[in-house]
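mind looking at a prediction? Sequence and model below.
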Amino acid sequence: AQRVTQPEKLLSVFKGAPVELKCNYSYSGSPELFWYVQYSRQRLQLLLRHISRESIKGFTADLNKGETSFHLKKPFAQEEDSAMYYCALRGGATNKLIFGTGTLLAVQP
Amino acid sequence: GAVVSQHPSWVICKSGTSVKIECRSLDFQATTMFWYRQFPKQSLMLMATSNEGSKATYEQGVEKDKFLINHASLTLSTLTVTSAHPEDSSFYICSAPPRVNYGYTFGSGTRLTVV
């Protein structure tokens, strides 16, 4: 079964500190992994996806198939990074996205 | 472009009444639309996939008769919560499937409160 696990409901860091939001997945085939962000009172936005291997707003995420992880990292957190972050998986022939439970990132000044 | 417009943004209704939520793709055509439900401080749970010209595909455990999903045209999908109860109160979000250069596009969500 497809499953996405985000173990941390809340992650609080100080401005300038490194950030790592954990995401583990369960899928038998080759999944496509995404990170979505939801800022306060805004709709979900795509942050990045593993196939692009890009860095958006300083965030990066590497797919580790051995550990079935797709952790989101940023070396220096900014206050404007405070938001809800969702890890999501798409697998198989369908376009269904399966979301993790989300992690609220709070960056303190 | 890739804009999905969802209405209403919020709605309060009495128990036993029905509420319709609309999701429109403004600048593209969508043959399918995903409908999610999000409980407070929880993740998005996929409820169903609407299909233009055919029946919606529901996820396991979702009541088809309570959550009526219709895909009337290539730009409109609707979710009707029938005979609403307080436990149906939630945040409902629609999403268009991924397209090249745009990925998945989400609506802004509808906050339903049943009193």
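Okay, I see it.

all the strands of chain B, residue numbers only.
Assigned by DSSP state E, chain B shows strands spanning B:4-7, B:10-13, B:19-25, B:32-38, B:44-51, B:54-58, B:67-73, B:76-81, B:90-99, B:103-106, B:110-114.

parallel or antiparallel, list what pairs with the fifth one.
The partner list of strand B:44-51 in its sheet, established with DSSP bridges, is strand B:32-38 (antiparallel), strand B:54-58 (antiparallel).

contact residues of chain A facing chain B?
Contact residues (Cβ under 8 Å from any Cβ of the partner chain) of chain A with chain B: A:9, A:34, A:42-46, A:49, A:86, A:90, A:95-102. The C-beta positions use only the backbone N, C-alpha and C, and glycine is treated the same way.

rank the strands of chain B by pLDDT, which is bottom?
Sorting the strands of chain B by mean pLDDT places strand B:103-106 lowest, at a mean of 86.

write out the residues of chain B neighbouring chain A.
Near chain A, when you scan chain B using Cβ under 8 Å from any Cβ, you find B:32, B:34, B:36, B:41-46, B:49, B:93, B:95, B:97-98, B:103-104, B:106-109.

how many neighbours does A:Q38 have?
Residues lying near A:Q38 (other Cβ atoms under 10 Å in any protein chain shown) number 21.

so which helix or strand takes in the residue lying closest to it once chain neighbours are set aside?
Spatially, and ignoring its direct neighbours in sequence, A:Q38 is nearest to A:M84 (4.4 Å; Cβ to Cβ, 6 or more residues apart in numbering or on different chains). Per DSSP states H and E: A:M84 is located in strand A:83-90.

pLDDT of that strand, averaged?
For strand A:83-90, the per-residue pLDDT averages 94.

run the chain-centre distance for it.
5 Å (Cα atoms, centre = their mean, to the nearest Å).

pull out the buried positions in stretch B:36-49.
In terms of neighbour count (16 or more other Cβ atoms under 10 Å in any protein chain shown), stretch B:36-49 has its buried residues at B:Y36, B:R37, B:Q38, B:S43, B:L44, B:M45, B:L46, B:M47, B:A48, B:T49.

so what sits opposite the last one in the bridge?
Beta bridges link B:T49 to B:F34, B:T57, judged by DSSP bridges.
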